[in-house]
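> next input, structure requested:
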Amino acid sequence: MTVTPYSYRPPPVLDVEASGSGRYAYPIEIGVALSAGRRYCTLITPVSSWTHWDADVASLHGISRAQLYDHGRTPLDVARLLNDLLAGITVYSDDWVAHHRGLGVLYAAAALSPSFALRSLTEILSDAQRAVWHTTRVQVFTALEPQRRCGPSDAQVVQETWYRTRLATAA
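Down below sits the predicted model:
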């Protein structure tokens, strides 16, 4: 069994919703689930060079481009907020490649560097947790019944799934 630094305390989880997939996609929402139920979420206003929009992906996350312009924050504001919120800690992602790329696009637009580390959740999952992950995630998603698929809901589902798989597989 892999020993994690979190024992039974769920790790902080970050999720990035994007305008689509592929090299022209950009981040549209960031969600973070921290300890003790603390959550953070913000929409991101696209910069002028961010034009890719995939309607199929939008139907999954349920965010419109109009919402981004009406309620989003600039990439600079979001990067600063994330740096303040996550300074010096490691946050985890269940889709490290996509989320790392999304953060890269965000921070490049903001001309800043992250003050935190983003790591793959697989680094802190035991083999036993991996074996029950999918089934547990479906149970957690059903139990939490998020109103829409979004960054903070996805981060919360991942964090709760980690916790439940940790409890279920503890030796």
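> C-alpha only now, for contacts and for neighbours.
OK.
> and the strands in the chain?
Under the criterion DSSP state E, the chain contains strands at 13-18, 27-33, 39-43, 90-93, 117-120.
> any chance of a markdown table for the ones you listed, columns distance to Val157, mean pLDDT and mean neighbour count?
Output for those, formatted as a markdown table (distance: least, Cα to Cα, whole Å; pLDDT from 0 to 100; neighbours: other Cα atoms under 10 Å):
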| stretch | distance to Val157 | mean pLDDT | mean neighbour count |
| --- | --- | --- | --- |
| strand 13-18 | 9 | 95 | 28 |
| strand 27-33 | 9 | 95 | 26 |
| strand 39-43 | 12 | 92 | 19 |
| strand 90-93 | 12 | 97 | 21 |
| strand 117-120 | 16 | 98 | 17 |
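> Throw these into TSV and include distance to Leu167, thanks.
Below are the strands of the chain laid out as TSV (distance: least, Cα to Cα, whole Å):
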stretch	distance to Leu167
strand 13-18	18
strand 27-33	19
strand 39-43	22
strand 90-93	19
strand 117-120	20
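> for His100, find the nearest of these.
strand 117-120 (7.1 Å; Cα to Cα).
> by contact count, what packs against that closest one?
strand 90-93, helix 96-110 (3 or more Cα pairs under 8 Å, 6 or more residues apart in numbering; DSSP states H and E).
> buried residues in the longest one?
I take that to be helix 96-110. 96, 98-107, 109-110 (16 or more other Cα atoms under 10 Å).
> ok, so of the residues you listed, who is nearest Ala155?
So of the buried residues of helix 96-110, ranked by how close each gets to Ala155 (Cα to Cα), first place is His99, at 11.6 Å.
> which ones are touching that closest one?
Asp15, Val16, Ser93 (Cα atoms under 8 Å, 6 or more residues apart in numbering).
> and those, which is closest to Pro27?
Val16 (6.4 Å).
> list the contacts for the closest one?
Counted by Cα under 8 Å, 6+ apart, Val16 has contacts Pro27, Ile28, Glu29, Ile30, Gly31, Ala98, His99, Gly102, Leu103, Gly151.
> TSV for those residues, including distance to Trp50?
Output for those, formatted as TSV (distance: Cα to Cα, whole Å):
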residue	distance to Trp50
Pro27	9
Ile28	10
Glu29	14
Ile30	16
Gly31	20
Ala98	16
His99	17
Gly102	12
Leu103	14
Gly151	19
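> taking these, tell me the two that lie furthest apart.
Pairwise distances across the contacts of Val16 (Cα to Cα) peak at 13.9 Å, for the pair Gly31 and Ala98.
> counting neighbours, what do you get for Gly88?
Around Gly88 there are 12 other residues, counting by other Cα atoms under 10 Å.
> leaving out sequence neighbours, find the closest residue to it.
Distances taken as Cα to Cα, 6 or more residues apart in numbering put Phe116 closest to Gly88, at 5.0 Å, once the chain neighbours are dropped.
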